[in-house]
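Q: Give me the fold of what follows.
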Amino acid sequence: MRRLHVGTALGLPHAHEQREAAAPPRGLQVIGGGFARTGTKSTEAALLRLGHKIYDTRSILECKHADRWVKAAQELRDGKDDELKTLLDEMEQRGYTATLDFPVNLFAKALADLRPQAKVLFTTRNLDNWYRSWRDVNEVLGVFVLRPWSWLVAFGFTEPLCEAFGFEFIVARYPDHVDRVLPWFERVRTLPSLDPEGSKERWIDFHEKTRMALVKAHGERVLIFDVREGWAPLLAFLEVDDANLAAEPFPRVNDVQSLKTVRKVMDFIALFLPLWPALILYAIYALTRKKLKTA
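A: Okay, the predicted model is just below:
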């Protein structure tokens, strides 16, 4: 079955693909250790300005790497890194020079071990605000674990991947957490890893343990970065001397509202799914009939 192009479905620009395809591979230069909703989209925009090609969650799905990242996580748990090395080599051959966002950030320590010349960037923000935003975006993107979209997109890979890192991230499933309003249309009733009491504390603890492990292993190579600090610390860390760029406002990208709008559209499409084939057939019939009359 053909998989849905995630960036298109979400109405987000494919910034990765907007870079010059002819640019030669340069290897992994920036490793993102920060979690999603910590300014990673603003950081992505900044890194794109600096000529990087970003590997993130969309890349995992579009490159059909989901199962392989799960395997890589399970191997790391068992003290091996064969699959991670293979994935990294393939990423570099595709021209990716930076990684960002969850769940690729969980591999930051291991990727830094494999690429000692790369810089490690840990984006952060107020943790209470981070958790609230993280929960909101999971609620919006939860559409991909629901019918009919779950028939097109395999989005449940985060569960076994996080398990391999010792963290329980349960994907919402029918009937425990999901209401099946119609045979082809579902709605999340509760987010099992984000709604129960203690979820906030559990996620913040996971965030902090990930940060501390990264700093302990590669402290001299790690920048703890808050996008509110602007260009200066990022440019200095990446050893980029560009006075004009430093004078510009740092990118501010917050896509939650646009995601919520797209989510409403996707729910509308899904709710009336059985009608769309009939409407398409009728449109084809009407256009064909019109052409025959004018011929």
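Q: so where's this protein shaky on pLDDT?
A: 1-25, 295 (pLDDT under 70).
Q: Can you pull up the most central residue in this protein?
A: With distances taken as CA atoms, centre = their mean, the residue of the chain nearest its centroid is residue 57 (3.0 Å).
Q: What residues does the nearest residue to residue 163 once chain neighbours are set aside make contact with?
A: In space, and not counting its chain neighbours, residue 163 is closest to residue 169: 7.6 Å by CB to CB, 6 or more residues apart in numbering. In short, each C-beta sits where N, CA and C put it, glycine included. The neighbours of residue 169, taking CB atoms under 8 Å, 6 or more residues apart in numbering as the test, are 158, 159, 162, 163, 193.
Q: Could you do residue 145 as well?
A: Going by CB under 8 Å, 6+ apart, residue 145 touches 155, 156, 171, 172, 173, 178, 188.
Q: mind running it again at 7 Å?
A: Taking CB atoms under 7 Å, 6 or more residues apart in numbering, we find residue 145 in contact with 155, 156, 171, 172.
Q: got it, and residue 112?
A: When contacts are taken as CB under 7 Å, 6+ apart, residue 112 is in contact with 31, 118, 120, 218, 221.
Q: These in helices, which ones?
A: Among the contacts of residue 112, the ones falling in helices (DSSP state H) are residue 218.
Q: could you pull out the strands for the stretch 101-250 of the chain?
A: Residue ranges of the strands in the stretch 101-250 of the chain, as given by DSSP state E, counting those that start in this stretch, are 119-123, 178-182, 185-188, 222-225.
Q: and the gap between the residue nearest to residue 163 and residue 73?
A: According to CB to CB, to the nearest Å, residue 169 stands 12 Å off from residue 73.
Q: ok, now residue 95?
A: Between residue 95 and residue 73 the distance, using CB to CB, works out to 24 Å.
Q: quick one: which of these two has more around it?
A: Using other CB atoms under 10 Å, the more surrounded residue of residue 95 and residue 73 is residue 73, with 23 against 19.
Q: which SS state does the more buried one fall under?
A: helix (DSSP: H, G, I helix; E, B strand; the rest coil).
Q: what's the closest non-adjacent residue to it?
A: Of all residues beyond its chain neighbours, the one nearest residue 73 is residue 164 (3.7 Å), with distances taken as CB to CB, 6+ apart.
Q: So the one you found sits against residue 71, correct?
A: No. At 9.1 Å, residue 164 does not count as touching residue 71 under the criterion of CB atoms under 7 Å.
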